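Visitor: Give me coordinates for this.
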Amino acid sequence: MSASERSVSTLTGLLEAVSNAEVHHIAVTADIADMPGFRLLPGQTLSGASGRVKLHFAKGEDGVQLTTDNCVARIELNADADRRAIHNDTSVMRLGRIDLHDLRTRGMVQLLARDNVRSGHIAAENIDIVAADTRAHGTRHRGYGVEVVPGVFTIWNQHDDHFVTITADLKAVSAGRGGAPVNGSGIFVGGAGDAGGQLIVGRMETGAIHSDGGIEHGTADRIAGGVFVSSGACVEIVHNRGPVTTYGANDMVLDNWGTVGSWVAEEKLTSYGPSATGFVNFGTLGLLRTHATIETFGFGARGFSDYDGTVQFADIDRIVTHADGAVGIQVSRPLGSLTVRRGVETHGAAGESMVKGVVVTLDATALCIRNGAAVRKIAVDGGLLTHGRGAAPLRLHGTVEDLRISDGAGALGGGFAAV
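Guide: Numbering: from 1, shown residues only. Down below sits the predicted model:
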């Protein structure tokens, strides 16, 4: 082993290694408990020597602090759920290349470009966040009348300077477990808005995401998301390879405020809380394609909403909602082409929902084209079906150049003339 490499199995040995600028590669060979947080020097790599070595941080401690050109790999990092398992020192001038792979954490992964940090690239692959809680973290992205609860995996360029750019490549990032979600948003990537610092992501691939924002029902100015692309982020492709499930009030399953080339969801998208949405768009989206059902269960929980910005093409498998105020599809802005392959079905009547920070009353319409919306083409196979009293299958207030609905439109709940 060269002088630049060090194998460690004790707390003392690890702390000595990370404080030595001549040591570049640190291999941990045994589990270490009751650790203080520590900082990697520029250029240092930390990894598990074999199997899944575990580092357990003491209560109230953040975990590994990164600086510049660091790699953390093949290791399990356990901090308190409301602390950071991995974070970065924002006093350095640049991130360089940050490489994270084959990690399991308890506690959030948070990488920020602010203060002195003005450049860098982040590569993350096979990151599994078992448990984390970001509800008490105070710095939150704001827009459209709401603030966003931070993600348990967050990359955020906070600089006001538009010329500060951070890049990233993310693959196989997962969070939470079925029935045991992380608390807060799941995956959050963002910049500082259209006029501020930018985050450029080539790909963002996720595994299974289970999250609960922990927002009190009735709160109108706060949201969370399972996978959230915020303003100032430009992502070439988002690929949800696993299911994405949210459990709380105002918990969007997939939410876009940024610019996304294509967004593909392979597995089911599910929300259980009130005033949630399966997919909501406020940004610019080239293509949305879902290969499984979008299903919501909460009051006012919509299936698909295009509230602002623009969507060029949306290709949706199926949408089902189960509560009052839970619209199937709601389009408020210009949209190119919308295709639904296996129908839209709602089970509720009129009810309250939170929209842009305001609680409003919505009918559980299957397909609603609002004033101001202009859609080039809509094709729905499998029909539009409503079960709630007074819930119309179709409300058309905007314009649609080409509208085709196969298998009919049925209003089974009554309350007006038969459709």
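Visitor: surely Lys171 meets Gly202?
Guide: No: under the criterion of C-beta atoms under 8 Å, Lys171 is not in contact with Gly202, lying 10.0 Å apart. Backbone N, C-alpha and C define where each C-beta goes, glycine included.
Visitor: Tell me what the residue nearest to the spatial centre of the chain is bridged to.
Guide: Nearest to the mean C-alpha position of the chain, by C-alpha atoms, centre = their mean, lies Val227 at 1.5 Å. On the basis of DSSP bridges, Val227 is bridged to Ile187, Leu254.
Visitor: who's in contact with it?
Guide: Applying C-beta atoms under 8 Å, 6 or more residues apart in numbering to Val227 gives the contacts Gly186, Ile187, Met204, Thr206, Ile209, Val238, Asn240, Val244, Val253, Leu254, Asp255.
Visitor: Widest-spaced pair of these?
Guide: Farthest apart among the contacts of Val227 by C-beta to C-beta are Met204 and Val253. That separation is 15.1 Å.
Visitor: between the two, which one's more packed in?
Guide: Set Met204 next to Val253 and count neighbours by other C-beta atoms under 10 Å: Val253 wins out with 31 against 25.
Visitor: any idea how far that one lies from Ala301?
Guide: 9 Å (C-beta to C-beta, to the nearest Å).
Visitor: Need the overlap of contacts for the two.
Guide: Shared contacts of Val253 and Ala301, counting by C-beta under 8 Å, 6+ apart, come down to Ser271, Ala276, Thr277, Gly278.
Visitor: what residues are up against the spatially closest residue to the second one that is not a sequence neighbour?
Guide: The shortest distance from Ala276 to any residue that is not its chain neighbour, by C-beta to C-beta, 6 or more residues apart in numbering, is 4.3 Å, and that residue is Ala301. The contact partners of Ala301, by C-beta under 8 Å, 6+ apart, come to Ser271, Gly273, Pro274, Ser275, Ala276, Thr277, Gly278, Thr321, Ala323, Ala326, Ser353.
Visitor: and if you look at Val340?
Guide: Ile316, Asp317, Arg318, Ile319, Ile329, Ala379, Val380, Asp381, Gly382.
Visitor: To which secondary structure element is Gly261 assigned?
Guide: strand 259-265 (DSSP states H and E).
Visitor: Residues contacting that strand, please?
Guide: Under the criterion C-beta under 8 Å, 6+ apart, residues 229, 233-240, 244, 254, 256, 279, 283-292 lie in contact with strand 259-265.
Visitor: then that strand to CSV, C-alphas only?
Guide: Provided in CSV are the C-alpha atoms of strand 259-265 (Å, rounded to 0.1, in the frame of the first residue of the first chain):
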residue,chain,number,x,y,z
THR,A,259,-36.9,22.7,-18.0
VAL,A,260,-37.1,19.0,-18.8
GLY,A,261,-36.5,17.4,-22.2
SER,A,262,-38.3,14.1,-21.5
TRP,A,263,-39.8,12.6,-18.4
VAL,A,264,-40.6,8.9,-18.4
ALA,A,265,-42.2,7.0,-15.5
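Visitor: where do the strands sit along the stretch 51-200 of the chain?
Guide: 53-57, 64-66, 71-78, 84-88, 97-106, 108-113, 119-131, 141-143, 146-148, 151-157, 165-175, 182-183, 185-190, 198-212 (DSSP state E, counting those that start in this stretch).
Visitor: how about those in JSON lines, adding distance to Thr361 and mean pLDDT?
Guide: Below are the strands of the stretch 51-200 of the chain laid out as JSON lines (distance: least, C-beta to C-beta, whole Å; pLDDT from 0 to 100):
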{"stretch": "strand 53-57", "distance to Thr361": "48", "mean pLDDT": "97"}
{"stretch": "strand 64-66", "distance to Thr361": "48", "mean pLDDT": "98"}
{"stretch": "strand 71-78", "distance to Thr361": "46", "mean pLDDT": "98"}
{"stretch": "strand 84-88", "distance to Thr361": "41", "mean pLDDT": "98"}
{"stretch": "strand 97-106", "distance to Thr361": "42", "mean pLDDT": "98"}
{"stretch": "strand 108-113", "distance to Thr361": "36", "mean pLDDT": "98"}
{"stretch": "strand 119-131", "distance to Thr361": "37", "mean pLDDT": "98"}
{"stretch": "strand 141-143", "distance to Thr361": "24", "mean pLDDT": "87"}
{"stretch": "strand 146-148", "distance to Thr361": "19", "mean pLDDT": "93"}
{"stretch": "strand 151-157", "distance to Thr361": "31", "mean pLDDT": "98"}
{"stretch": "strand 165-175", "distance to Thr361": "34", "mean pLDDT": "98"}
{"stretch": "strand 182-183", "distance to Thr361": "30", "mean pLDDT": "98"}
{"stretch": "strand 185-190", "distance to Thr361": "27", "mean pLDDT": "98"}
{"stretch": "strand 198-212", "distance to Thr361": "26", "mean pLDDT": "98"}
